[in-house]
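Novice: Sequence plus the predicted model coming up.
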Amino acid sequence: MGNALFYHLTRSPAESLLPALIGKSRAAGWRIELRGADQARMQRLDELLWQGEGFLPHGLAGGPHDARQPVLLTIATGAADGTAPDDDRMAPNDPACLIIVDGAAVRAEECVGMDRVCILFDGNDPAAVEQARGQWRALTAAGLTAEYWSEADGRWERKA
């Protein structure tokens, strides 16, 4: 059973942290599902990951080679608290790491088999903070070890 890492974004957007998280996860040999809640946003992230400084091979879900993608960008919507995706399907690329952005829904059951779950949330948005708290409660209740990371002091520090 893996860890759930919560990243409290207060100084920078998710786009600045994603390449590092994806790079570290790929270095560990993991396939990744990057899950968002909005198709247009995921298309922008798709473009960003191709244009970044490091080469991060990936695909936007819905293509013919989804199962072969080392990083698959997906869309999931769910309950208002972000704890229950609308569907029960797993990403076809068999990820060991799940990265959640923009309040996308996540189920505790799907995280139990993951090596790592990363939840990035906007610390300047009270609704996003409350949603992350609900996700923390759901994932820790399922037995995942959770860590809280903050960039409030200008660099990422583990707080809990």
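Specialist: That came through, no problem.
Novice: which SSE is the residue most central in space within the chain in?
Specialist: Central residue of the chain (Cα atoms, centre = their mean): Ile99, 1.7 Å from the mean position. In this structure, Ile99 sits in strand 97-100 according to DSSP states H and E.
Novice: which strands and helices sit next to the helix or strand just after that strand?
Specialist: Once strand 97-100 ends, the next helix or strand along the chain (criterion: DSSP H and E) is helix 108-112. Where contact means 3 or more Cβ pairs under 8 Å, 6 or more residues apart in numbering; DSSP states H and E, helix 108-112 is packed against helix 126-141. Glycine gets a C-beta too; all of them are placed from N, C-alpha and C.
Novice: where exactly do the helices run in this structure?
Specialist: 14-27, 39-51, 108-112, 126-141 (DSSP state H).
Novice: Make JSON lines out of those helices and add mean neighbour count.
Specialist: Listed next are these as JSON lines, based on neighbours: other Cβ atoms under 10 Å:
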{"stretch": "helix 14-27", "mean neighbour count": "17"}
{"stretch": "helix 39-51", "mean neighbour count": "14"}
{"stretch": "helix 108-112", "mean neighbour count": "17"}
{"stretch": "helix 126-141", "mean neighbour count": "16"}
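Novice: Can you lay out these as JSON lines showing distance to Thr74 and mean pLDDT?
Specialist: Output for the helices of the chain, formatted as JSON lines (distance: least, Cβ to Cβ, whole Å; pLDDT from 0 to 100):
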{"stretch": "helix 14-27", "distance to Thr74": "14", "mean pLDDT": "92"}
{"stretch": "helix 39-51", "distance to Thr74": "8", "mean pLDDT": "88"}
{"stretch": "helix 108-112", "distance to Thr74": "12", "mean pLDDT": "88"}
{"stretch": "helix 126-141", "distance to Thr74": "17", "mean pLDDT": "94"}
